[in-house]
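Visitor: Need a 3D model of the sequence below.
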Amino acid sequence: MTALMTNAVFKTRGGRRRAWQSLLLDDHGLLRQIYDNTHPVGGSGQMWRTYQPSPKDIARWADLGIKTIINLRGYIANTKGQQHGFYWIEKEACERNGLALENFKAFSRQAPKPEFISGINALFNRITYPAVLHCKAGSDRAGIASVLYLFLKESLPLDEAIAQLSFRYGHLKVGRTKILDYFFDIYRQAARRDGVIPNRAHFLTWVACDYDPEEMNYTFKANIFGSLLTETALQRE
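Guide: Now for the predicted structure:
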């Protein structure tokens, strides 16, 4: 992955060249030309999921009426304004096309923190729709965010929403990324113990009061061969 750069450096010829190299090579932008991992989230047409976008993608979404893009790769803090080149490409394209860019960091290989759950719930309730959410490949972080969108925002049953974490979207239930599936498995066990059908209110209360992400990270055991696939071969973030 290319080194961090300021917006000023990005706007130079050399900075743009390095940023595009990052987008096309490090982020598999060339692969996206033949494999489009873009899908609707649910049937309302209010949310879509995808991979790291190009300016062409962003312009197309603007033409289709998209109002907000959620960048699940987040904004890197405490770097004196330095970000990866692909971030500056995306930010510039959003500004040029009049789209709001929301930077909200998600993680694919550790148990989600309570503040992530409460934060993305608040995000879904305040952004302007229709919206697109994305991570690097559109598989894992986009997957958990899509599950939470359907479950928390559209009130879809969890057993249906969980389908957003599947091979269809590139999510592999092996290696460290399987912890996302484990997270929802543990919650469903808690719901059964409490004698309730998984629902928004119970889930948010469980996350706030009973859920321990550190314990989950400790008890979760990843398959070693699956980890080689997700960590080394696919280079999941």
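
Visitor: Name the nearest residue to residue 59, ignoring sequence neighbours.
Guide: The shortest distance from residue 59 to any residue that is not its chain neighbour, by C-beta to C-beta, 6 or more residues apart in numbering, is 5.5 Å, and that residue is residue 97. (C-beta placed from N, C-alpha, C; glycine too.)

Visitor: any idea how far that neighbour is from residue 55?
Guide: Taken as C-beta to C-beta, to the nearest Å, the spacing of residue 97 relative to residue 55 amounts to 8 Å.

Visitor: got it, and residue 217?
Guide: From residue 217 across to residue 55, the span is 37 Å (C-beta to C-beta).

Visitor: Over to residue 173?
Guide: The gap separating residue 173 from residue 55 is 33 Å, by C-beta to C-beta.

Visitor: and if you look at residue 89?
Guide: From residue 89 to residue 55 the distance is 6 Å (C-beta to C-beta).

Visitor: Give me the more crowded residue out of those two.
Guide: residue 89 (23 against 16; other C-beta atoms under 10 Å).

Visitor: I figured the more buried one hits residue 20, correct?
Guide: Yes: here residue 89 lies in contact with residue 20, judged by C-beta atoms under 8 Å, at a distance of 7.1 Å.

Visitor: Which of the helices or strands spans the residue nearest to residue 164 when sequence neighbours are not counted?
Guide: Leaving aside its chain neighbours, residue 164 sits nearest to residue 146 (3.8 Å; criterion: C-beta to C-beta, 6+ apart). Under the criterion of DSSP states H and E, residue 146 resides in helix 141-148.

Visitor: Following the chain past that helix, name the next helix or strand.
Guide: Scanning forward in sequence from helix 141-148 by DSSP H and E, the next helix or strand is helix 158-161.

Visitor: Residues contacting that following helix, please?
Guide: Contacts to helix 158-161, defined as C-beta atoms under 8 Å, 6 or more residues apart in numbering, come from residues 146-148, 150-151, 184, 187-188, 198, 203.

Visitor: same thing with stretch 103-118?
Guide: Contacts of stretch 103-118 with the rest of the structure, by C-beta under 8 Å, 6+ apart, involve 70-75, 119-120, 123, 135, 140-141, 144-145, 148, 175-177, 179-180, 182-183, 204, 207-208, 211, 213-214, 216-217, 220, 230-231, 236-237.

Visitor: for stretch 195-209, same thing?
Guide: The list of residues contacting stretch 195-209 from outside it, by C-beta under 8 Å, 6+ apart, reads 114, 117-118, 121, 151-152, 155, 157-159, 187-188, 190-191, 194.

Visitor: Do I have it right that residue 216 meets residue 184?
Guide: No: under the criterion of C-beta under 8 Å, residue 216 makes no contact with residue 184, lying 11.1 Å away.

Visitor: Pick out whichever of the two has more residues nearby.
Guide: Regarding residue 216 and residue 184, a neighbour count based on other C-beta under 10 Å identifies residue 184 as having more, with 21 against 16.

Visitor: Now that one: which helix or strand?
Guide: Using DSSP H and E, residue 184 sits within helix 179-193.

Visitor: just the angle between the following helix or strand past that helix and helix 179-193, please?
Guide: Scanning forward in sequence from helix 179-193 by DSSP H and E, the next helix or strand is helix 200-209. Taking axes from the mean of the first three to the mean of the last three C-alpha atoms, to 10 degrees, one finds helix 200-209 and helix 179-193 inclined to each other by 110 degrees.
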